Structure formats: structure tokens, C-alpha cells
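Visitor: structure for the following, please:
(chains A and B)
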Amino acid sequence: GAVVSQHPSWVICKSGTSVKIECRSLDFQATTMFWYRQFPKQSLMLMATSNEGSKATYEQGVEKDKFLINHASLTLSTLTVTSAHPEDSSFYICSARALVAKNIQYFGAGTRLSVL
Amino acid sequence: QQQVKQSPQSLIVQKGGISIINCAYENTAFDYFPWYQQFPGKGPALLIAIRPDVSEKKEGRFTISFNKSAKQFSLHIMDSQPGDSATYFCAASESNFGNEKLTFGTGTRLTIIP
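Guide: Numbering: from 1, shown residues only, chains lettered A, B, ... in the order given. Predicted coordinates:
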């Protein structure tokens, strides 16, 4: 089956530093990758949609300069949380949509970010 | 109009019983309806999905029932097992390019008791 690898699974950082999260589709090419944020016991909130080779589309209320997204290849997208603050602490999850599989999104295991 | 309403919020079912989770949507352009299973600290895993051209889809113990006229769909877990204890999310999306993003329900925390 389709595998999406997300790294790191857990990161702790100091306030003011930047953190990069990687999302890779291991066995398929992903034209589109999505980044979500999930608070405890809540649903997934879409942050942005990224298409390979083009700028990401951010959802309303998501700061583009705070959450930098790069989708440099058909198998890799990165999310950088810049100048992280404690309120950015959350569970971040990526998903990837395969070229040939319309609609279907496969999710990574998530990254738990804790900002001290 | 983009909302997907999910119920119940939590559900306790005895082992061997049937677990039923319901979702309703408003956007008639939605044409893909997946269910995801999520364990604590993990990403969601695609469980089963349906498109509006069929009213039911079954994969093992998991069945989706779809009612297009009522704009509702549900997940049935037959012979529920303790290992099924997880949070389940329904979702919906369109197939039109640029609108494939998933709209998620609020989730149902399922607990299977022995």
C-alpha cells in the first residue's frame, strides 16, 4: 500500500527557534500534499495544500510566514514552523495524494511539536 | 456548506457487537467519502471509502452505507473487537481539480469493552 513517511515523530524546541518537518511519499509520486494541525481530541484542521513546483495554498487564518511549505519534488514536502512559540505546540500531520488515485489521501504518522 | 457533521461524539460497544457511526453533509458536489481510523499519537489511516454511484461497500468487518438523497453515510463495524478502539473520522471531498481537499467530521471515539 501507499506509505507516507513523516519525520521527526516528536520534536521539542526552544521558543524562537525554527523547526522543519519532512513528509515523504515512499512508494508513489504525490502531485499534492496537504498539511494538517490537530489539537488534542479534535478533528484535523487543514493548514495548506501544496502542489509540486508551485506555491502552497494556505487556508484562511493560517500565517504563511509562520508556516513555510516547500514541495520541491513529487515525493517530498516540508513544513517549517518559523520562530516557534508555545502556542504552536500541536500535532502536525501531512498527507499525500497520488498522481493516479483521485481524491485518495494517505497520511503520515504525524509530528508532535512541543515548544518550550 | 462545507461542513460534515458526525455523530456520536463517543461510543461504547460490547465486544462482538455492531458499532455504527453516522455522518451527514450539505455540499452536493462531494463525490468521495472516506473513513479514517486514528490511534492516539498516530496519523489517520484510510479504512474504507465510497463514491455516490453505489449505496453500500463492504470490506471485511467494515461497511459503508450511503444515502445520496438524504446526504448521509455511515460506517458499520461488525463483530467489534477491542483492537477497533480508536477515533474514527468521516470525510468528504470533490473530484474537481483544486477542490480535492478533505472536509473532516468531528470524530467519534469508539471504545470496545470486553
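
Visitor: ok, residue B:60 to residue B:79 distance?
Guide: 10 Å (CB to CB, to the nearest Å). Every residue, glycine included, has its C-beta placed from N, CA and C.

Visitor: show me where chain B dips below the pLDDT cut-off.
Guide: B:1-2, B:97-99 (pLDDT under 70).

Visitor: which residues of it lie near chain A?
Guide: Counting by CB under 8 Å from any CB of the partner chain, the residues of chain B close to chain A are B:32, B:34, B:36, B:41-46, B:49, B:89, B:93, B:95, B:100-102, B:104-107, B:109.

Visitor: from these, which would you call buried?
Guide: Burial by neighbour count, judged by 16 or more other CB atoms under 10 Å in any protein chain shown, picks out B:32, B:34, B:36, B:42-44, B:46, B:49, B:89, B:93, B:100-102, B:104-107 from those.

Visitor: in helices only, show me the residues you listed.
Guide: Among those, DSSP state H puts none in helices.

Visitor: take those residues and keep only those in strands.
Guide: Under the assignment DSSP state E, those contribute B:34, B:36, B:46, B:49, B:89, B:104 to strands.

Visitor: show me what the host helix or strand of residue A:91 is packed against.
Guide: Per DSSP states H and E, residue A:91 falls inside strand A:90-98. Judged by 3 or more CB pairs under 8 Å, 6 or more residues apart in numbering or on different chains; DSSP states H and E, the packing partners of strand A:90-98 are strand A:4-7, strand A:19-25, strand A:30-38, strand A:76-81, strand A:105-107, strand A:111-115.

Visitor: just the CA coordinates of it, formatted as CSV?
Guide: The C-alpha trace of strand A:90-98 is given here as CSV (Å, rounded to 0.1, in the frame of the first residue of the first chain):
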residue,chain,number,x,y,z
SER,A,90,0.5,20.8,18.4
PHE,A,91,0.3,17.6,16.4
TYR,A,92,1.1,18.2,12.7
ILE,A,93,0.2,15.7,10.1
CYS,A,94,0.9,15.6,6.4
SER,A,95,-0.9,13.6,3.7
ALA,A,96,-0.2,12.9,0.1
ARG,A,97,-2.4,12.3,-2.9
ALA,A,98,-1.1,10.0,-5.6
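
Visitor: what pLDDT does the model give residue A:52?
Guide: We note a pLDDT of 82 for residue A:52 in this prediction.
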